[in-house]
Structure formats: structure tokens, C-alpha cells
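Peer 1: Build the 3D model from these lines:
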Amino acid sequence: MEIVALLFMLIAGGGLAVFVLFVMALHRKEVARAGGAVMPPQRDTIAVSLLVHIVTAGGMTGEEAVREVRRGTGLAAPVTRGIDVSNWAESYGLLSTPKEREALLEMAVQLVSARSPVPVRQYAALLDLSFGLGFQTDALARLRELYGFEYMDHAKEGRPRHAGEGGAPLYVRETRPREELLRILGMTGAPTRQELTGAYRKLVRQHHPDRFHGASPEEQSGAAARFIEITRAYEELLRGLPS
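Peer 2: The predicted structure follows:
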């Protein structure tokens, strides 16, 4: 009997070991299929995290931003903090349809437009979102026109407190010659919409506010001024092109 019991234990133990190895093999297969990385968050979590990050860039605290996003969009998914907007926007693009990507960008614009003018850092986050979602042309510029918001002048802190009151506009758009606008983007001739966007994106990367975090106030102010200049030139040039 003891021999039979021993054989039974050995067989049972061997079966258990085979089962464990089988489960581990399946797990390794799934990890390999996912590129050796942890599976990404679900789409709504990505969307909410992106929106909260963008609202926070306007000066709200994290908790205020979460409440604002949930109230404004109805999305109640978990939020991940400290994300990279471009990378997360690309992840969202892989999990969504073109209409859903357009809707996410428009939700972001709606959330920030109520507090116009928006800080340059917040507008830069919107640009990161737009590019990360795969919009290569003037999607954000069109939404900015639709919702009528402006980005903050780098010299705003130097304006008198009464500036903009009594109907006096803080931001006046100037109409400049096309050649001057092209020079701002380092271009000449008659570039296509795609060429304009390529030149603009290259300049945005160079003058993105995040690149000057921790720099002197003068450097930050200069970078913000350049960022605004190239953005306005780009948008004005796009308005002159056929859709």
C-alpha cells in the first residue's frame, strides 16, 4: 500500500508540475505578443489622463482638474498622473477611430476655451495632443477659431491690471505680408499644407515651453514669444490655403 501511495503522490506531483509549466508558457507567450511590456491602459483611462494633464497645465490642481474633466465630459475612468502627452495620444490613436480622435481633441479644446486666454504651456500641451493623435494639418487651429480662445501673450504679466477692460482687446491680430510669415517659419515660395506643417512642427519642438523649464525668466520669455510668433504665422498661412 505504501508503494502505491508513493506512486500516486509522484504521479500527482508530476501532473501539477506539468500544469504549472503549461500556465507559465502561456503567460510568456502573451507577454511576447505584447512586446514584452505591460499591456497599456484602456482607452477611457488614456483619454481621461490626457484631458486631466492638459487642464492641469492651465494652473488647476490635480483634484480640480479631475472634477472639471468628469463634469465636462462624463468620463469617470481612473487617472494616471505624470504622463507624456505625445506618447499617450499615440496609444489612444491605436485604440480609437478617426471620429473618436477628433472628439477627444475637441473635448480638450472645450475644456480650456472657457478660461481664455490659455497659458502658452497649456497650448503647447494641446499641440502635443493634436500631433500625437495624428492630425498633421490645422485641426487645432480650426478648433481654436471655432471656440474663439486665444493663447496668453508672454508679456501679459507686464500689462497694467486694467488692460483689456472696457472692451479694449488684449490681443489684436495683425495682417502681415505672406512673405514675412513664411520667413518666420524659415520658408519661401509657395509651400504646400504638408510642407508648412512639417516646418512648423520642427520649430515647435525647438521652442516648446518644456524645453526651457528651469531656464532664466528671460530665456523662458523669449522662448514663449518665439512659440507664439511661429504659431500665429502658421495659422495665418493655413487660413490662406484651400481646404
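
Peer 1: contacts, neighbours, all on C-alpha from now
Peer 2: OK.

Peer 1: Return the helix or strand in this structure with minimum mean pLDDT.
Peer 2: helix 2-33 (a mean of 43; mean pLDDT, DSSP states H and E).

Peer 1: could you point out which element follows it?
Peer 2: Downstream of helix 2-33, the first helix or strand assigned by DSSP states H and E is helix 43-56.

Peer 1: in this structure, which spans are strands?
Peer 2: Here the chain has no strands by DSSP state E.

Peer 1: tell me the centre residue of it?
Peer 2: L129 (2.4 Å; CA atoms, centre = their mean).

Peer 1: Now for that residue: which residues touch it?
Peer 2: L50, V85, S86, A89, L105 (CA atoms under 8 Å, 6 or more residues apart in numbering).

Peer 1: So the third one sits against G134, correct?
Peer 2: No: in this structure S86 lies outside contact range of G134 using CA atoms under 8 Å: 9.9 Å.

Peer 1: Of those two, which one has the most company?
Peer 2: S86 (20 against 15; other CA atoms under 10 Å).

Peer 1: Name the nearest residue to the more buried one, sequence neighbours excluded.
Peer 2: Using CA to CA, 6 or more residues apart in numbering and skipping residues adjacent in sequence, the residue nearest S86 is G132, 4.7 Å away.

Peer 1: ditto for D210
Peer 2: Nearest non-adjacent residue to D210 (CA to CA, 6+ apart): R121, at 7.5 Å.

Peer 1: Next one: the one you found from A190, what distance?
Peer 2: 31 Å (CA to CA, to the nearest Å).

Peer 1: Looking at the two, which is more packed in?
Peer 2: Ranked by neighbour count (other CA under 10 Å), R121 and A190 place R121 first, with 20 against 11.

Peer 1: Roughly how far does the more buried one sit from L95?
Peer 2: Taking CA to CA, one finds R121 at 27 Å from L95.

Peer 1: quick revisit: burial count for the residue nearest to S86?
Peer 2: Neighbour tally, G132, other CA under 10 Å: 20.

Peer 1: Pull the contacting residues for it.
Peer 2: V85, S86, N87, W88, A89, E90, G93.

Peer 1: per-residue confidence for it?
Peer 2: The predicted structure scores G132 at 91 on the pLDDT scale.

Peer 1: Also R70?
Peer 2: 92.

Peer 1: what about it, distance to A108?
Peer 2: 12 Å.

Peer 1: what bits of this structure have low per-residue confidence?
Peer 2: By pLDDT under 70, the weakly predicted segments of the chain are 1-41, 136-138, 153-175, 242-243.

Peer 1: Do a quick rundown of the helices in the protein.
Peer 2: Using DSSP state H, the helices of the chain run over 2-33, 43-56, 62-73, 85-94, 98-113, 120-132, 139-147, 178-184, 193-207, 217-239.

Peer 1: okay if I get the ones you listed as TSV plus distance to V79?
Peer 2: Putting the helices of the chain into TSV (distance: least, CA to CA, whole Å) gives the following:
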stretch	distance to V79
helix 2-33	24
helix 43-56	5
helix 62-73	8
helix 85-94	12
helix 98-113	15
helix 120-132	16
helix 139-147	24
helix 178-184	39
helix 193-207	27
helix 217-239	29
